[in-house]
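In: turn this into a model:
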Amino acid sequence: MKVLYINYLFDKTYSSVGAAVHVKEFVGAAKKLSVEIVACDMNKFSSEEAAVQSKLRAWLKRKLSRYVGQLNALISNIGYFRRELRLVEEHKPDALLVRYNLLNFSAVLIAKLKKLPLVLEVNSPMALESRRFNKQSVNLPFLLEWTEKLNLRLATRAYTVSQALKDYFVGQGIDRNKLRVIPNGVDVQRFSPDVEGCWVREKHHLNGQVVLGFVGSFHYWHGVEYFSEYVRRLSDKHDNVRFLFVGDGPMRRELQQSVIDIGLSEKVILPGYVRHDDIPGYVAVMDIALAPYPPSDFFYFSPLKIFEYMAAGKPTVASDIGQISELIEDGKTGMLYQAGDLDTLISKSSELIDNANLRTNMGTAARQASCEKYSWAANAREIIQLINEALDVRS
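Out: Reported below is the predicted structural model:
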């Protein structure tokens with residue numbers, strides 16, 4: 001079976017790290033299953049490179065992107081259609097796998113034209129996200145939702161990364177029987193208890209310390225606004241703790257300044273952006289991993305960090321929200337607390353700081369669950385099975 005995998009990632013180095021990891025790991029796992037995957041990155045340049053290709057283009061981008069950005073994305077379907085049609089004619093795939101992107105619909109039209117089965121990968125409710133969070137562009141009326149539903153209705157099959165996301169689209173009128181839930185995964189060889197992070201421990205002087213760690217972007221939806229108070233209160237209770245918060249984002253400088261203000265900057269390591277290839281070494285030195293997501297009325301994510309923490313054999317203290325409560329068994333593979341309850345987050349972290357045996361037992365159980373259920377190999381098997389189902393529908 002040959003599958004053409006089309007995605008529209010732009011800045012894969014910084015703003016789309018999780019998405020880039022997903023694409024790379026799935027492709028690698030699928031190839032090991034003897035499936036020929038032709039991965040087609042429709043935007044090989046980064047968003048930064050695109051912006052500086054010419055001074056005029058950069059100036060126009062700054063001045064006009066707020067007003068014409070989404071219109072330009074809509075018009076770009078013409079170019080995508082031509083390129084994707086050439087790719088289909090060149091590679092002659094048995095099926096298309098498409099990672100949905102806001103306002104793109106060229107691939108589903110080609111699938112209809114060429115009578116090819118198409119499986120749509122949906123990682124978020126992009127229309128809703130754009131209307132809620134996109135302050136850089138003027139959102140087009142109706143068209144965001146229309147193109148999203150068009151993709152889902154024309155796709156032979158589709159999968160979402162969480163049950164909450166599937167339920168959302170069913171509520172939007174999409175046929176439940178067309179949709180599957182296939183969570184993210186993890187490379188259980190790269191993230192493993194066998195990984196040594198000695199160089200990280202030495203570099204940041206972490207020997208003899210209990211390290212509480214976080215990996216992710218520094219945005220409010222990751223709960224990083226709690227970190228300053230979290231650091232202060234745990235440092236008051238425990239002398240032997242250090243905090244390793246890995247990643248970058250708009251709230252990183254604010255956190256850095258706040259720990260300076262409370263006189264605890266020596267306890268907090270903020271290495272900034274770290275290449276994903278180096279993340280296993282950072283996770284390896286963590287004794288306790290954190291995923292303190294804030295309260296949300298619609299938590300539709302499938303957080304890569306949870307899968308990576310678990311595969312590395314780390315006990316995770318996380319918000320009891322969305323898919324996280326399905327991944328972590330409270331008291332066995334980690335500890336859950338009600339999202340937003342800082343007191344309980346601190347008390348459960350403190351319990352793990354004081355009990356090395358509990359950390360070890362939880363980490364071992366987390367690793368076992370990860371290998372059995374959440375590897376990228378398991379993820380790829382489910383997606384390939386769905387593609388085969390789509391092929392059967394069209395045959």
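
In: I figured Lys2 hits Lys31, correct?
Out: No. Using Cβ atoms under 8 Å, Lys2 is not in contact with Lys31, being 11.5 Å away. Yep, even glycine has a C-beta here, placed from its N, CA and C like the rest.

In: Pro183 touches Ala378, doesn't it?
Out: No. Between Pro183 and Ala378 there is no contact, the gap being 9.4 Å when judged by Cβ under 8 Å.

In: and the contacts of the host helix or strand of Gln385?
Out: Using DSSP states H and E, Gln385 sits within helix 376-394. The contact list for helix 376-394 (Cβ atoms under 8 Å, 6 or more residues apart in numbering) reads 1, 3, 25-26, 28-30, 32-33, 35, 94-95, 97, 115-119, 121, 156-157, 159, 180, 182-187.

In: buried ones among those residues?
Out: 3, 25-26, 29-30, 35, 94-95, 97, 116-119, 121, 156-157, 159, 180, 182-187 (16 or more other Cβ atoms under 10 Å).

In: helices - which of these land there?
Out: If you go by DSSP state H, these have 25-26, 29-30 in helices.

In: where in this protein is pLDDT low?
Out: Low-confidence regions of the chain, defined by pLDDT under 70, span residues 10-18, 44-67, 395.

In: show me where it has strands.
Out: Applying DSSP state E to the chain gives strands spanning 2-7, 36-41, 95-99, 118-122, 157-160, 179-181, 210-215, 241-246, 268-272, 288-291, 316-319, 334-337.

In: need the CA coordinates for the third one. PDB is fine.
Out: This file holds the C-alpha atoms of strand 95-99, laid out as PDB (Å, rounded to 0.1, in the frame of the first residue of the first chain):
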ATOM      1  CA  ALA A  95      -4.900   6.600  -0.500                       C
ATOM      2  CA  LEU A  96      -4.400  10.100   0.800                       C
ATOM      3  CA  LEU A  97      -3.800  11.000   4.400                       C
ATOM      4  CA  VAL A  98      -4.200  14.700   5.100                       C
ATOM      5  CA  ARG A  99      -3.400  16.700   8.200                       C
END
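
In: tally of neighbours for Leu85?
Out: Residues near Leu85, counting by other Cβ atoms under 10 Å, number 16.

In: which residues touch the closest residue to it other than its chain neighbours?
Out: Spatial nearest neighbour of Leu85, excluding adjacent residues (Cβ to Cβ, 6 or more residues apart in numbering): Ile110 at 5.7 Å. Taking Cβ under 8 Å, 6+ apart as the criterion, Ile110 is in contact with 81, 84-85, 88, 96, 116.

In: how about those residues in CSV, adding distance to Asp320?
Out: Output for the contacts of Ile110, formatted as CSV (distance: Cβ to Cβ, whole Å):
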residue, distance to Asp320
Phe81, 44
Glu84, 42
Leu85, 47
Val88, 45
Leu96, 38
Leu116, 42
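
In: which one of these is nearest to Glu326?
Out: Leu96 (29.4 Å; Cβ to Cβ).

In: for that closest one, what are its contacts?
Out: 3-4, 6, 88, 107, 110-111, 116-119.

In: ok, what's across the strand from Leu290?
Out: Under DSSP bridges, the beta-bridge partners of Leu290 are Val317.

In: surely it meets Ala318?
Out: Yes. Using Cβ under 8 Å, Leu290 is in contact with Ala318, at 7.4 Å.

In: okay, now the closest residue to Met126 other than its chain neighbours: neighbour count?
Out: Take Met126 and drop its neighbours on the chain: the residue closest to it by Cβ to Cβ, 6+ apart is Leu102, 4.3 Å away. By other Cβ under 10 Å, 19 other residues sit near Leu102.

In: equivalent analysis for Arg367, please.
Out: When counting by other Cβ under 10 Å, one arrives at 20 neighbours for Arg367.

In: let me see the contact set for the nearest residue to it once chain neighbours are set aside.
Out: Among residues not flanking Arg367 along the chain, Gly313 sits closest, at 4.1 Å (Cβ to Cβ, 6+ apart). By Cβ under 8 Å, 6+ apart, Gly313 lies in contact with 192-193, 363-364, 366-367.

In: now do the domain split for the chain, please.
Out: 2-185+376-394, 198-373 (automatic domain parsing).

In: chain center to the first one: distance?
Out: On the basis of Cα atoms, centre = their mean, to the nearest Å, domain 2-185+376-394 sits 14 Å off its chain's mean C-alpha point.

In: got the end-to-end distance for that domain?
Out: From its first residue to its last, domain 2-185+376-394 covers 15 Å (Cα to Cα, to the nearest Å).

In: what of the last one?
Out: Taking Cα to Cα, the span from the opening residue of domain 198-373 to its closing residue is 29 Å.

In: do the same with stretch 203-210
Out: Taking Cα to Cα, stretch 203-210 runs 16 Å from one end to the other.

In: what does it contact?
Out: Against stretch 203-210 from outside (Cβ under 8 Å, 6+ apart): 200-201, 238, 240-242, 244, 269, 271, 285, 287-288, 353.

In: neighbours around Glu89, how many?
Out: Quick note: Glu89 (other Cβ under 10 Å) scores 10 neighbours.

In: quick one on the thing from earlier: possible to save the strands of the chain as CSV with distance to Ala73?
Out: As requested, the strands of the chain are exported to CSV (distance: least, Cβ to Cβ, whole Å):
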stretch, distance to Ala73
strand 2-7, 15
strand 36-41, 17
strand 95-99, 15
strand 118-122, 17
strand 157-160, 21
strand 179-181, 25
strand 210-215, 30
strand 241-246, 32
strand 268-272, 30
strand 288-291, 32
strand 316-319, 33
strand 334-337, 39
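
In: number of residues surrounding Ala369?
Out: For Ala369, using other Cβ under 10 Å, the count is 18.

In: kindly apply the preceding question to Gln163 instead.
Out: Counted with other Cβ under 10 Å, residues neighbouring Gln163 total 15.
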